[in-house]
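**Student:** with the sequence up front, the predicted model follows.
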Amino acid sequence: MSELENRRRNEVDEKMQDAAVRTFGDRVEKMWLIEDLWTDTRLQGHGCGGALLDTATAMADWAGQSTWLQSSNAANVKFYAQHGFETVATLFLGEEDPSWHKQPVVVDIVRRDTSFLLIARADTTTRWYESQDGLRLTLELWTHR
C-alpha cells in the first residue's frame with residue numbers, strides 16, 4: 001500500500017472508531033458490526049444480499065444485540081433502511097487531506113436495534129454445522145412451553 005493509501009486507511013479507521021464511540025458509547029462493545037456484506041453483481045436484485053443481511057440481524061436478535069455498519073453508498077443506505085436500519089451518524093472523509101481534490105466521501109453509520117427479546121429458555125436444542133474449511137456455525141433454538 002502506498003503512503004497515501006495508508007494515510008487514508010488510517011483516517012477511515014480513526015474516524016470510524018471515534019464516531020462509533022461517540023454514537024453508541026459503551027454499547028458499541030455489545031453490538032454486532034457487519035464489516036463486509038456483498039453479493040456478486042450477477043446475483044444483485046434477486047434477494048441474496050437481503051437474505052444475508054436478514055440472517056445476520058436475526059442472529060444478533062437471538063443474541064439480544066443491536067447491529068451496526070457503515071456505508072459510503074447512498075443506494076446501500078436505502079437498502080439497509082428497507083431492512084430496519086436507520087442512519088445515526090454521518091462522517092466526511094478526505095476533507096482534511098490537502099492531496100484530496102474531490103468532494104469529501106460521505107459515510108453513513110446505520111444501526112438496527114434488536115427486535116427480539118428472549119424471555120425464557122425452557123427447552124434448548126443445539127445444532128451445529130461445520131463447513132469443509134472447518135468453520136462452525138452453532139444454532140441454539142429455544143422454545144417456550
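**Tutor:** In hand now; what should we look at? Numbers count the residues shown, from 1 in each chain.

**Student:** list the residues that contact residue 97.
**Tutor:** Neighbouring residues of residue 97 by C-beta atoms under 8 Å, 6 or more residues apart in numbering: 7, 8, 11. To be clear about C-beta, it is placed using only N, CA and C from the backbone, and glycine gets the same treatment.

**Student:** nearest residue to the last one other than its sequence neighbours?
**Tutor:** In space, residue 11 comes closest to residue 93 once its chain neighbours are excluded; the distance is 6.1 Å by C-beta to C-beta, 6 or more residues apart in numbering.

**Student:** distance-wise, check that neighbour relative to residue 108.
**Tutor:** Noted for residue 93: a distance of 12 Å to residue 108, by C-beta to C-beta, to the nearest Å.

**Student:** what's the answer for residue 52, then?
**Tutor:** As judged by C-beta to C-beta, residue 52 and residue 108 stand 19 Å apart.

**Student:** same question for residue 2.
**Tutor:** 27 Å.

**Student:** what do you get for residue 74?
**Tutor:** Residue 74 sits 8 Å away from residue 108, going by C-beta to C-beta.

**Student:** the more surrounded of the two?
**Tutor:** More crowded of residue 74 and residue 108, by other C-beta atoms under 10 Å: residue 108, with 20 against 10.

**Student:** over to the more buried one: give its phi and psi.
**Tutor:** Dihedral pair for residue 108: phi -100, psi 140, per degrees, to the nearest 10.

**Student:** confirm for me that it is in contact with residue 77.
**Tutor:** Yes: the criterion here is C-beta atoms under 8 Å, and residue 108 meets it with residue 77 at 5.0 Å.

**Student:** packing partners of the host helix or strand of residue 50?
**Tutor:** Counting by DSSP states H and E, the element that carries residue 50 is helix 48-62. In terms of contacts (3 or more C-beta pairs under 8 Å, 6 or more residues apart in numbering; DSSP states H and E), helix 48-62 is packed against strand 32-33, strand 67-71, helix 74-82.
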